[in-house]
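Asks: Generate coordinates for the sequence data below:
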Amino acid sequence: MEILLIDDEAMVRDSLTEMLELEGFRVRAFADPRRALAELSPGREAVLLTDVRMPGLDGLELLQRVQARDRELPVILMSGHGDIPMAIQAMKEGAYDFLEKPLQPEALLERLHSAMAQRRLSLQPQSQPEGEDPLARTLLGQSAPMQRLREQLRVLAAAQVDTLIYGETGTGKDVSARALHDAGPRRDKRFVAINCGAMPEHLLESELFGHEAGAFTGAQRRHIGKIEVAHGGTLFLDEIESMPLAAQIRLLRVLQERTIERVGGTDPIPVRITVIAASKADLAELSEQGRFRADLYYRLNVACLHLPPLRERKEDLAELFRFHARQAADRYQRPLPGLRPSQLARLEQHDWPGNVRELRNVAERFVLGVAGEGLNLDQPEPTADGDGDADFEQQLEGYERRLIMDSLRRHQGQINKAAEHLNLTRKTLYRKMKKYQLDKWDYRG
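Replies: Now for the predicted structure:
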């Protein structure tokens, strides 16, 4: 990965080149932006760092020409005459970031490292694994909540204990359950999933426990239930809060005795399984209300996982979005569009009530180029005649949020140092962190 540095002032080029090379970067410096363009090929492992005010071809026009060749090449603009309106305009037109001269070395290095990480991600082949760890390949994201989740999963997978998974709709409870199975010693055995909320009540017991021939009208032959099928492996019960009370009583007996009896049968059948149950509702609260058996709740709650909603791990948005966009492009045999920085900013500003499931739908619409309910990245940018003021505020807030996140990450969540670096009071920084839903503990090293 190299830095393509463009500045018409020789002193600036020489000083920046020396500083960056001392920091370990490979630098190609150009006085003429046209020469840099002539050497720029799509897919180049590089980040572009360019001045804005240059004779002949300024930085904003250069940005447009770069975007025409490679939409995902990060372009960082710098100017001694810059102001917030110019920064917003640059971000709208696809700049990765904007820095004002005189440059602060720490801020420049931080932006370059961040831009290089995004460039590596955009160039990553679809077939390239995310890492040797199967959990890292399945549960994507490098945010602190996801790292904690993967560590908990590793421990529980080795212990083979019954586990309860909590999470909002779309957070990936089924994916986590499957990852828990695949990371454990029973990975070669069956993983059997059943959605308790999608199964009619009169069929649920037969599906779970099986039945003997003649057990009820229409039962012409013996049926092996899901629990028996999962023998030796893992049984996943999704939306367990929807399970009827009668079935809960029978499930409790299975968990206590590790045996089942088919409907209409009397012979106990031993089963050796790990049970994973998932719920979007608080089972403890439901048990207090009499809507879920307390004894079953305590029996299931040997171990408990809480899946973080997407709004609490927005650092993972770019990686998740590109992963699902690549999958959609492959599935529909469509080219993979480049993701502009302004579109990435819209992803970060969205609250994601549908979590990863909603993000996957947005990625599919993005690849197909169609509109739908919710966020659409291909919608035209608001114009100054209409919602320009609202768009300006959104861009400005996104820029401010990134500055705060960068400072918290650099100072490992230490509020005093982050506030001093941002030239803010502690009170102001706390207020802004609350506004943007940022938690200092997510940045503690």
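Asks: Rounded mean pLDDT for the helix or strand harbouring residue 207, please.
Replies: Residue 207 belongs to helix 201-209 when assigned by DSSP states H and E. Averaging pLDDT along helix 201-209 yields 81.
Asks: which helices and strands sit right next to it?
Replies: Secondary-structure packing of helix 201-209 (3 or more CB pairs under 8 Å, 6 or more residues apart in numbering; DSSP states H and E): helix 226-229, helix 245-257. The way it works is simple: take the backbone N, C-alpha and C, and place the C-beta from them, glycine included.
Asks: could I get those helices as CSV with distance to residue 100, mean neighbour count and mean pLDDT?
Replies: As requested, those are exported to CSV (distance: least, CB to CB, whole Å; neighbours: other CB atoms under 10 Å; pLDDT from 0 to 100):
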stretch, distance to residue 100, mean neighbour count, mean pLDDT
helix 226-229, 62, 20, 88
helix 245-257, 62, 15, 89
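Asks: and of those helices, who's closest to residue 327?
Replies: Proximity to residue 327 (CB to CB) singles out helix 226-229 among the helices and strands packed on helix 201-209, at 28.4 Å.
Asks: what's in contact with the closest one?
Replies: The contact list for helix 226-229 (CB atoms under 8 Å, 6 or more residues apart in numbering) reads 190, 192, 194, 207-210, 235, 254, 260, 262, 269, 271, 273.
Asks: How about stretch 318-332?
Replies: 118, 121-122, 126, 140-142, 310, 334-337, 339, 344, 347, 356, 359-360, 362-364, 366-368.
Asks: got CSV for the helices and strands packed on helix 201-209, with distance to residue 167 too?
Replies: Putting the helices and strands packed on helix 201-209 into CSV (distance: least, CB to CB, whole Å) gives the following:
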stretch, distance to residue 167
helix 226-229, 22
helix 245-257, 21
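Asks: Nearest spatial neighbour of the most far-flung residue of the chain relative to its centre, chain-adjacent residues omitted?
Replies: Ranked by distance from the centre of the chain (CA atoms, centre = their mean), the top residue is residue 214, with 49.9 Å. Distance criterion CB to CB, 6 or more residues apart in numbering; nearest residue to residue 214, sequence neighbours excluded, is residue 264 at 6.6 Å.
Asks: again with residue 292
Replies: Nearest non-adjacent residue to residue 292 (CB to CB, 6+ apart): residue 286, at 3.9 Å.
Asks: Show the contacting residues for the residue minimising distance to the centre of the chain.
Replies: In the chain, the centroid-proximal residue (CA atoms, centre = their mean) is residue 316; its distance is 3.8 Å. By CB under 8 Å, 6+ apart, the contact set of residue 316 is 140, 141, 142, 143, 146, 310.
Asks: any low-confidence regions in this structure?
Replies: Within the chain, the ranges that satisfy pLDDT under 70 run 81-89, 91-92, 121, 124-134, 341, 378-395, 445.
Asks: got the domain boundaries for it?
Replies: Taking automatic domain parsing as the reference, the chain has its domains at 2-123, 134-306, 313-443.
Asks: Can you say which of the helices and strands packed on helix 201-209 is nearest to residue 410?
Replies: helix 245-257 (48.2 Å).
Asks: Between helix 201-209 and that closest one, find me the angle.
Replies: Angle, helix 245-257 to helix 201-209, by axes from the mean of the first three to the mean of the last three CA atoms, to 10 degrees: 10 degrees.
Asks: Please enumerate residues in contact with helix 245-257?
Replies: With CB under 8 Å, 6+ apart as the contact definition, helix 245-257 has outside contacts at 162, 196, 201, 204-205, 208-209, 227, 237, 243, 259-260, 268, 271, 275, 292-293, 295-296, 299-300.
Asks: Mind doing that once more with 6 Å?
Replies: The contact list for helix 245-257 (CB atoms under 6 Å, 6 or more residues apart in numbering) reads 204, 205, 260, 293, 295, 296, 299.
Asks: What is the burial count for the last one?
Replies: Meaning residue 299. 17 (other CB atoms under 10 Å).
Asks: would you turn the contacts of helix 245-257 into TSV with secondary structure and distance to residue 178?
Replies: Listed next are those as TSV, based on DSSP: H, G, I helix; E, B strand; the rest coil; distance: CB to CB, whole Å:
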residue	secondary structure	distance to residue 178
204	helix	22
205	helix	25
260	strand	23
293	coil	26
295	helix	28
296	helix	23
299	helix	22
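Asks: Please produce a ChimeraX select command covering the buried subset of the residues you listed.
Replies: Only the buried entries of these go into this ChimeraX selection, using 16 or more other CB atoms under 10 Å:
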select :204,205,260,293,296,299
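Asks: In the helix or strand containing residue 319, which residues are buried?
Replies: According to DSSP H and E, residue 319 maps onto helix 317-332. By 16+ other CB under 10 Å, the buried positions in helix 317-332 come out as 317, 318, 319, 320, 321, 322, 323, 324, 325, 326, 328, 329.
Asks: What is the nearest of those to residue 57?
Replies: residue 318 (29.5 Å).
Asks: any idea how far residue 55 is from residue 74?
Replies: Using CB to CB, to the nearest Å, residue 74 is found at 25 Å from residue 55.
Asks: got it, and residue 319?
Replies: 40 Å.
Asks: Can you tell me what sits against stretch 356-376?
Replies: 170, 172, 310, 320-321, 324-325, 328-329, 334, 350, 352, 377.
Asks: list the buried ones in that stretch?
Replies: Applying 16+ other CB under 10 Å to stretch 356-376 flags 356, 358, 359, 360, 361, 362, 363, 364, 365, 366, 367, 375 as buried.
Asks: of all the residues you listed, which two lie farthest apart?
Replies: Between any two of those (CB to CB), the greatest distance is 16.4 Å, for 356 and 367.
Asks: Name the SS class of the residue nearest to residue 292, please.
Replies: Secondary structure, DSSP: H, G, I helix; E, B strand; the rest coil: residue 286 is helix.
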